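S.K.: no letters, just coordinates:
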């Protein structure tokens with residue numbers, strides 16, 4: 001996905017309105033996710049991992065602003081090596097969203113997490129896209145994907161929904177003054193129109209059948225210390241029972 005053409009819109013007041021809300025939600029979402037490696041697919045102006053405490057964090061994409069430039073469909077990342085992946089507005093602007101999700105599934109460890117944000121087609125933003133005067137400009141050029149479709153795709157790959165929400169309920173007016181007039185929609189959106197937010201946030205966990213929790217080494221050693229003597233005592237008991245051992249030593253009988 002080429003992100004260079006997004007920059008003018010993201011720098012606009014409407015773009016900043018989305019980025020500011022999205023940054024706050026992502027900061028809260030990633031704060032308590034742990035592991036060794038975290039990855040974000042680049043979106044200019046958004047640092048989705050800044051509040052995360054995973055030691056190895058990297059932003060990957062085709063933009064020069066990314067730490068590592070690579071095609072998201074062919075990530076130079078080892079399979080099952082990443083604990084957290086964040087995809088801000090990636091699927092709707094990818095030519096091959098299914099292939100992108102499969103690539104993310106490849107690199108995520110079992111029980112790892114992915115976070116997705118996207119424009120909601122069943123909202124005022126979707127209406128604005130349908131009646132857009134400039135359908136080839138960002139973000140109206142994207143293929144807005146409904147939350148239900150995303151959930152179906154994730155389910156097929158073995159991901160389980162863990163959290164989700166909508167935000168950005170105000171109409172997508174370019175004018176900051178007009179948006180302020182509809183600020184009441186932001187306050188009442190979650191309560192009265194929960195599925196009508198312009199953007200959705202989704203967190204999912206990769207579930208793998210047959211995966212079991214590996215206990216620390218010290219627990220295994222404790223079990224060995226407890227079990228081994230028991231096995232040894234049982235085996236020794238069998239050996240003793242196979243021999244005829246008098247209960248009392250023989251005593252000489254004196255006449």
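M.R.: Received it, and whenever you're ready, just let me know what you need. The model shown is predicted, which means the values in this text are computed figures rather than measured ones. Residues are numbered from 1 along each chain as shown.
S.K.: what helices or strands is the strand or helix carrying residue 102 leaning on?
M.R.: Assigned by DSSP states H and E, residue 102 falls within helix 97-107. Helices and strands touching helix 97-107, by 3 or more CB pairs under 8 Å, 6 or more residues apart in numbering; DSSP states H and E, are strand 82-88, helix 147-156. Every C-beta, even on glycine, is put in place using the N, C-alpha and C of the backbone.
S.K.: so which of these is the most packed in?
M.R.: Of all the helices and strands packed on helix 97-107, strand 82-88 has the most neighbours on average by mean count of other CB atoms under 10 Å, namely a mean of 24.
S.K.: sec struct for the residue nearest to residue 106 when sequence neighbours are not counted, please.
M.R.: Leaving aside its sequence neighbours, residue 106 sits nearest to residue 79 (CB to CB, 6 or more residues apart in numbering; 5.3 Å). Following DSSP: H, G, I helix; E, B strand; the rest coil, residue 79 is assigned to coil.
S.K.: now for residue 79, how many residues are close by?
M.R.: When neighbours are counted by other CB atoms under 10 Å, residue 79 registers 10.
S.K.: separation between it and residue 66?
M.R.: Distance, residue 79 to residue 66, using CB to CB, to the nearest Å: 21 Å.
S.K.: on that earlier part again, pLDDT wise, what is the residue nearest to residue 106 at?
M.R.: On the pLDDT scale, residue 79 is placed at 97.
S.K.: now stretch 112-128: buried residues?
M.R.: With burial defined by 16 or more other CB atoms under 10 Å, the residues of stretch 112-128 counted as buried are 112-126, 128.
S.K.: tell me the average confidence for the helix or strand hosting residue 23?
M.R.: Using DSSP H and E, residue 23 sits within helix 13-30. Here helix 13-30 scores 95 as its mean pLDDT.
S.K.: what's the angle between the helix or strand just after that helix and helix 13-30?
M.R.: Following helix 13-30 in sequence order, the next helix or strand is strand 37-41 (DSSP H and E). Put simply, strand 37-41 runs at 160 degrees to helix 13-30, going by axes from the mean of the first three to the mean of the last three CA atoms, to 10 degrees.
S.K.: circling back: now do the helix holding residue 102: distance to the chain's middle.
M.R.: Remark: helix 97-107 is offset 12 Å from the chain centroid, using CA atoms, centre = their mean, to the nearest Å.
S.K.: give me the contacts around it.
M.R.: Under the contact criterion CB atoms under 8 Å, 6 or more residues apart in numbering, helix 97-107 has outside partners 39, 72-75, 77-82, 85, 87, 90-91, 94, 114, 143, 145, 153-154, 157-159, 206.
S.K.: PyMOL command for the buried members of those?
M.R.: The PyMOL command for the buried members of these (criterion: 16+ other CB under 10 Å) is given here:
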select buried, resi 39+72+75+77+82+85+87+90+91+94+114+145+153+154+157+159+206
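S.K.: can you give me the helices for this protein?
M.R.: Ranges of helices in the chain, per DSSP state H, are 7-10, 13-30, 97-107, 124-130, 147-156, 176-181, 183-192, 217-242.
S.K.: fine by me, we can end here.
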